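> this is the structure alone, sequence omitted:
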């Protein structure tokens, strides 16, 4: 079976299990999504969702956020980890959004990735979920599953993103990104993974007698 055929079958399984996946980070607009994604680095979505209501009650716009000190932001987001780095980035990107974009979140990868604390993955999530522009953000879950499912060499996240984009139709990228995350958490975790109980890994193992 060719890799493209395997990807098509995997896509069918994902569509059956998670037909309409919703983004797990709570947000109300592109700006609050951007902040939530930034906070999610090396932190669980559940924890981020417990912190953002408190943060956004104090400041939910770039205009409000840039008026807070780094220390004030840090005091709220501390449970998310990387406290000073994230707080400094949130304050700085909010100030830059006001200065350069009139308080609006830009709609291009290049502009988003120029914002403090915003890397390619964060920019991809915002492009996909806030602006519905085709993107395939790759996190550790997707990187792991792509390697296990023999869809990617798994050498780097950049390579995984490139290979997945080549395998899945562009119109499915946003859906697939979320489906794989939900699937990974439910069936294909990093630790304690049982391939025989995983709907995709068990099929792959049987297919190739791994």
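The structure has been received and is ready for your questions. Please read all numbers here as calculations on a predicted model, not as lab measurements.
> what helices or strands is the worst-scoring helix or strand of the chain on mean pLDDT leaning on?
Counting by mean pLDDT, DSSP states H and E, the chain has its least confident helix or strand at helix 201-208, which shows a mean of 87. The contact analysis (3 or more C-beta pairs under 8 Å, 6 or more residues apart in numbering; DSSP states H and E) places helix 201-208 against helix 3-17. Placement of C-beta: from N, CA and C, glycine included.
> what sits up against the helix it packs on?
Helix 3-17 has contacts (C-beta atoms under 8 Å, 6 or more residues apart in numbering) with 149-151, 167-168, 172, 176, 179-180, 182-183, 186, 199-200, 203-204, 207.
> and the average pLDDT for the helix or strand following it is what?
Counting by DSSP states H and E, the next helix or strand C-terminal to helix 3-17 is helix 30-39. Across helix 30-39, pLDDT averages out at 98.
> quick one: name whatever helix or strand follows helix 30-39.
Moving toward the C-terminus from helix 30-39, the next helix or strand (DSSP H and E) is helix 45-58.
> pLDDT weak spots in this structure?
In the prediction, the chain carries residues with pLDDT under 70 at positions 209-210.
> what packs against the longest helix anywhere in the chain?
The residue-count maximum for a helix in the chain (DSSP state H) belongs to helix 83-101. When contacts are defined as 3+ C-beta pairs under 8 Å, 6+ apart, helix 83-101 sits against helix 30-39, helix 62-65, helix 70-77.
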